[in-house]
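Engineer: Let's see this in three dimensions:
(chains A and B)
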Amino acid sequence: MAGYAQGTAEGGAPVPQEAKLLTVSQALDIVKGALKGIRLTIVGEVSEVSAKRSYKAVYFTIKDRDSSLKCLMWNDLYRASGMELEIGQKVEVSGFFSLYAARGTMNFDVRRLSFAGEGRLRMEVARLARKLEAEGLTDPARKRPLPEYPSVIGLVTSPHSDAVHDILRTLRRRWPLARVVLAGVPVEGAGAPAAMIEGLRCVAESDAEFVLLGRGGGSYESMMPFNDEGLARAIAACPIPVVTGIGHEPDNFIADIVADVRLSTPTMAAAGVVPDQAEVAEALATRGKALHGRMLRALERKSSEVKRLSDRPVLRDATQLFAQEAMGVDHLAGRLERALPAGLEKRRDTVAQLRGRMARVAAIGFQRERSLVDRHRARLTVGLSGATDRFRRDMGLRAARLNDLSPLAVLGRGYAIARSESGDVVKSVSSVSSGDRLQVQVSDGFIDAKVGGSRLVSTETVALDD
Amino acid sequence: MNEENGSMTQAKPIEELTFREALAELDGIVAKLESNTMELEDSLVGYERGVALLSSLQKRLADAQQKVDVLMGELDAAPDDQTRDATLS
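Structural biologist: Now for the predicted structure:
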């Protein structure tokens, strides 16, 4: 018995043909031993999962088209794998078969678990996403806002696709004011990431205000260029905001998580980045109404202010301003009119009376004054003649003495006085020159003379012409 | 107020403004008129500018034709919208 078991388990020798009765346990032991050394890696789709906290292991089933295999994975290993098993996932399991003797069932004891195919890709993408997230490239604070009314829109997409026309058509319908700057690049295949990076660079160097990176839907694998790490870094580093519109609604690509704005399809992206011209036109009409309304109200307000002023009595009837004065003037004018002729008559009489009285009074006064003056004059004449006689005698004496001293007396003796034109007495020949006019005074008058010449002699003489 | 008047008198020609700039200026003018703080003369000047901005903006919307500059690659001719709509339905 033991020999058989030993032979089959270790050597892999053919199970002996002769019927030797084994117990169930013995039989399972043989199988257990035979399976234990076989390590396998199997790919399959998860069809059942039973993961409960109370269990020591996770139980699940993988299958292909024809067969299914029950698997288990011990909790510590499962947690270490970092995976979350879900029905429908394609997975790769590595491990060995084991038998659960108590039930006689066979399990695949999973030592290593990973995604397979698209699942593997998704896992890699998730890992990259975590990495970029850790670097802060997906930080919401990094997201830049888009201009509300763009003038130039960059577009990076395949030029030979429905997506490009969907985008252009949407932009044309909603916001034809914006110019589109297109970088037509392949968006599928090995060269796509590099081409898209170049397209982004090209558009960013133009005058575009932001760039739309778009592509229609496809299989997960065909969308892989949008999960490229290089593209993700180019998007994050792009000097203008990047908007992604990558088809395949439920999926989130690496490009999406680093983009400034993520919209789910090319058409939605185009619609999401521009205003709708119909709405803008409506908004403009509203503004126009507001503008006209405000102006109208401002005018009404001002004109009501003017009206309020113009309604004031003073401005409405300017004569009221002077009513009191005008009435006063009128009153006075009336009085004047009435008073004037009567007063004039009265005053004319008064003047005539006064003139008569004045004439009489003046005549009487004049008479009296004249006799008074005559009397004074008589007395004055008498007094005056006495005074003048005495004065005249004194004068005669003084005059005789004065005459003795006067140069005029010298002249009477035949001397003459010569005076220059300035009236100075000429005492020296040096004070005259030829041609000077002189006035020569003699006893009975003046002689006008002209200097003919002069000469100095010891005795003072002056040659005289004429 | 003075500053605002200043900017208004030396304002850029409207054709040189982008849509966004023109719209922002129009909004500013409406807001100023709403504030009721302007002299009548200033509000008339503002109103005149506002009307000019408004008609320029409306004209731009009405006249806009999409322009596409291709920097890289070659754009396939698009089926016109009618053909496309007919095909889709």
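
Engineer: so which residue of the stretch 151-300 of chain A comes closest to chain B?
Structural biologist: residue A:184 (2.3 Å; C-beta to the nearest C-beta). (C-beta placed from N, C-alpha, C; glycine too.)

Engineer: Would you mind pulling up the elements that the top helix by length along chain B packs against?
Structural biologist: When chain B is parsed with DSSP state H, its longest helix is helix B:40-63. Identification of packing neighbours for helix B:40-63 by 3 or more C-beta pairs under 8 Å, 6 or more residues apart in numbering or on different chains; DSSP states H and E yields helix A:277-310, helix B:2-9, helix B:19-35.

Engineer: rerun at 6 Å
Structural biologist: helix A:277-310, helix B:19-35 (3 or more C-beta pairs under 6 Å, 6 or more residues apart in numbering or on different chains; DSSP states H and E).

Engineer: which stretch among the ones you listed comes nearest residue A:178?
Structural biologist: The minimum distance between residue A:178 and the helices and strands packed on helix B:40-63 falls on helix B:19-35, with 9.0 Å, by C-beta to C-beta.

Engineer: Just give me the neighbour total for residue A:337.
Structural biologist: Counted with other C-beta atoms under 10 Å in any protein chain shown, the neighbours of residue A:337 add up to 9.

Engineer: from the chain's centre, how far out does the helix or strand it falls within sit?
Structural biologist: Under the criterion of DSSP states H and E, residue A:337 resides in helix A:323-405. Chain-centre distance of helix A:323-405: 93 Å, with C-alpha atoms, centre = their mean, to the nearest Å.

Engineer: The longest helix of chain B: which residues count as buried?
Structural biologist: B:42-43, B:45-47, B:49-51, B:53-54, B:56-57, B:60-61 (16 or more other C-beta atoms under 10 Å in any protein chain shown).

Engineer: picking that back up, just to check, the residue of the stretch 151-300 of chain A closest to chain B is in contact with residue A:161?
Structural biologist: No - contact status for residue A:184 versus residue A:161: not in contact, 9.3 Å apart, counting by C-beta atoms under 6 Å.

Engineer: neighbour count winner among the two?
Structural biologist: When neighbours are counted by other C-beta under 10 Å, residue A:184 and residue A:161 differ, and residue A:184 comes out ahead with 22 against 19.

Engineer: next one: phi and psi at that one?
Structural biologist: The phi and psi values for residue A:184, taken as degrees, to the nearest 10, are phi -90, psi 110.

Engineer: Test my guess that residue A:204 contacts residue A:241.
Structural biologist: No - between residue A:204 and residue A:241 there is no contact under C-beta under 6 Å: 10.1 Å.

Engineer: Okay, now the unreliable bits of the stretch 301-450 of chain A?
Structural biologist: A:318, A:321, A:340-343, A:382-391, A:401, A:403-405, A:407-408 (pLDDT under 70).

Engineer: Kindly report the residues of it close to chain B.
Structural biologist: Along the stretch 301-450 of chain A, the residues adjacent to chain B under the rule C-beta under 6 Å from any C-beta of the partner chain are residue A:302.

Engineer: Identify the residue of the stretch 301-450 of chain A closest to chain B, quick one.
Structural biologist: As assessed by C-beta to the nearest C-beta, chain B sits closest to residue A:302 within the stretch 301-450 of chain A, at 5.0 Å.

Engineer: Compute the distance between that residue and residue A:325, please.
Structural biologist: In this view, residue A:302 and residue A:325 are 34 Å apart by C-beta to C-beta, to the nearest Å.

Engineer: In contact with the residue of the stretch 301-450 of chain A closest to chain B: list those residues for me.
Structural biologist: residue B:40 (C-beta atoms under 6 Å, 6 or more residues apart in numbering or on different chains).

Engineer: Same question for residue A:83.
Structural biologist: For residue A:83, the contacting residues are residue A:113, by C-beta under 6 Å, 6+ apart.

Engineer: Which of the helices or strands spans it?
Structural biologist: Short version, using DSSP H and E: residue A:83 is in no helix or strand.

Engineer: So it versus residue B:57, what's the distance?
Structural biologist: Between residue A:83 and residue B:57 the computed distance is 57 Å (C-beta to C-beta).

Engineer: try residue B:67
Structural biologist: With C-beta to C-beta as the criterion, residue B:67 and residue B:57 are 19 Å apart.

Engineer: Please enumerate the strands of chain A.
Structural biologist: Assigned by DSSP state E, chain A shows strands spanning A:39-50, A:57-63, A:68-74, A:90-100, A:105-115, A:152-157, A:179-184, A:210-215, A:242-246, A:261-263, A:417-419, A:437-442, A:445-450.

Engineer: Could you list the contact residues of chain B toward chain A?
Structural biologist: Residues of chain B lying close to chain A by C-beta under 6 Å from any C-beta are B:18-20, B:26, B:30, B:33-34, B:40, B:43, B:47, B:50, B:54, B:57-58, B:61, B:64, B:66-76, B:78.

Engineer: rewinding a little: helices or strands up against the next helix or strand after the longest helix of chain B?
Structural biologist: Next along the chain after helix B:40-63, taking DSSP H and E as the criterion, comes strand B:67-72. Applying 3+ C-beta pairs under 6 Å, 6+ apart, we find strand B:67-72 packed against strand A:179-184, helix A:192-205.

Engineer: Now find how far off-centre strand B:67-72 is within its chain.
Structural biologist: Strand B:67-72 sits 24 Å away from the centroid of its parent chain (C-alpha atoms, centre = their mean).

Engineer: can I get the CA coordinates of that strand in CSV?
Structural biologist: Provided in CSV are the C-alpha atoms of strand B:67-72 (Å, rounded to 0.1, in the frame of the first residue of the first chain):
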residue,chain,number,x,y,z
LYS,B,67,-12.2,79.7,-39.4
VAL,B,68,-10.0,76.7,-39.0
ASP,B,69,-6.2,77.0,-39.2
VAL,B,70,-4.5,73.6,-39.7
LEU,B,71,-1.1,73.6,-38.0
MET,B,72,-0.3,69.9,-38.5
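
Engineer: The residue nearest the centre of chain A and residue A:201, how far apart?
Structural biologist: Residue closest to the mean C-alpha point of chain A, counted by C-alpha atoms, centre = their mean, is residue A:147 at 18.7 Å. Applying C-beta to C-beta, the value for residue A:147 to residue A:201 is 21 Å.

Engineer: so where's chain B uncertain?
Structural biologist: Along chain B, segments meeting pLDDT under 70 span B:1-10, B:78-89.

Engineer: Quick check, the residue in it closest to chain A?
Structural biologist: Taking C-beta to the nearest C-beta, chain B has residue B:73 as its residue nearest chain A, at 2.3 Å.

Engineer: how about that residue, what does it touch?
Structural biologist: Residues near residue B:73 by C-beta under 6 Å, 6+ apart: A:159, A:184.

Engineer: quick revisit: can you add distance to residue A:107 and give the helices and strands packed on helix B:40-63 back as a markdown table?
Structural biologist: A markdown table is the format used below for these (distance: least, C-beta to C-beta, whole Å):
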| stretch | distance to residue A:107 |
| --- | --- |
| helix A:277-310 | 63 |
| helix B:19-35 | 67 |
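
Engineer: Can you say which of those is packed in most?
Structural biologist: Burial of the helices and strands packed on helix B:40-63 is given as mean neighbour count (mean count of other C-beta atoms under 10 Å in any protein chain shown); helix B:19-35 ranks first at a mean of 18.

Engineer: export that one as CSV, just CAs?
Structural biologist: Provided in CSV are the C-alpha atoms of helix B:19-35 (Å, rounded to 0.1, in the frame of the first residue of the first chain):
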residue,chain,number,x,y,z
PHE,B,19,-15.6,90.0,-27.6
ARG,B,20,-14.9,89.4,-24.0
GLU,B,21,-13.4,92.9,-23.5
ALA,B,22,-16.3,94.6,-25.3
LEU,B,23,-18.8,92.6,-23.2
ALA,B,24,-17.0,93.5,-20.0
GLU,B,25,-17.1,97.2,-20.9
LEU,B,26,-20.7,97.0,-21.8
ASP,B,27,-21.5,95.4,-18.4
GLY,B,28,-19.5,98.1,-16.7
ILE,B,29,-21.5,100.8,-18.4
VAL,B,30,-24.8,99.2,-17.5
ALA,B,31,-23.7,98.8,-13.9
LYS,B,32,-22.6,102.5,-13.8
LEU,B,33,-25.9,103.6,-15.3
GLU,B,34,-27.7,101.5,-12.7
SER,B,35,-25.7,103.1,-9.9
